[in-house]
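Trainee: Sequence and computational prediction follow.
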Amino acid sequence: EPEVTQTPSHQVTQMGQEVILRCVPISNHLYFYWYRQILGQKVEFLVSFYNNEISEKSEIFDDQFSVERPDGSNFTLKIRSTKLEDSAMYFCASSDVAGYTFGSGTRLTVV
Amino acid sequence: GIQVEQSPPDLILQEGANSTLRCNFSDSVNNLQWFHQNPWGQLINLFYIPSGTKQNGRLSATTVATERYSLLYISSSQTTDSGVYFCAVSKRADSWGKLQFGAGTQVVVTP
């Protein structure tokens, strides 16, 4: 069964550093997404991406965040100048008419 | 935005028991999915079910879109069913847009 692949599975970074989270969506999906889940809380939408541009973003997705599709397979989330409150599980997802498939997540810890 | 409420918030089951989880949503939706978040944090797609009934092994789901609720049934529960069950909805009718998640139902199945 096709999968969404995320790397790394865990990342620890110092406050103020930049991190890049990587994802390989399912190859024939057209919509890509990033979500995050702070420990013990609900899953929150960050951004959706279609046709090489952002189609929708939440109020969480401010200038600290950016997304990119640098080639035909990868989809990245960059977080600049990380803060303690950015610690969370970050999920990448892609979708087609049959619904969403989520990756296994990257657990980001900012220390 | 759409409000998604799940009940109960917590559920403790003995192995072999049956249970029903509920998801209410505040507005009409065109897409609805149920996910299982396992103890490792992975989000597993269970059902894409904007309306009607579907079954997959011991799990089944029913969505009554006109009454704005969906039910997830777990029969003959096993310890591997433990985790958090999320309902997520979207108003968009095309290949999805952002999903709005409920707060989840934490299920613990004891041997």
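Mentor: Great, that's in hand.
Trainee: Counting neighbours, what do you get for the residue in chain B that chain A sits nearest to?
Mentor: With CB to the nearest CB as the measure, B:Y48 is the residue of chain B nearest to chain A, at 3.6 Å. All C-beta spots, glycine's among them, are computed from the backbone N, C-alpha and C. A total of 17 residues lie near B:Y48 under the criterion other CB atoms under 10 Å in any protein chain shown.
Trainee: what's the pLDDT at it?
Mentor: The per-residue pLDDT reported for B:Y48 equals 91.
Trainee: cool, and the one 3 residues further on?
Mentor: According to the model's per-residue confidence, B:S51 sits at a pLDDT of 93.
Trainee: Over to A:A93?
Mentor: Residue-level pLDDT assigned to A:A93 equals 95.
Trainee: quick check: longest strand of chain A.
Mentor: For chain A, the strand that runs over the most residues, judged by DSSP state E, is strand A:88-96.
Trainee: returning to that earlier point: could you measure the nearest residue to the residue of chain B closest to chain A once chain neighbours are set aside against B:L32, distance?
Mentor: Nearest residue to B:Y48 in three dimensions, chain neighbours excluded: A:G99, at 3.6 Å (CB to CB, 6 or more residues apart in numbering or on different chains). In this structure, A:G99 and B:L32 are 9 Å apart, going by CB to CB, to the nearest Å.
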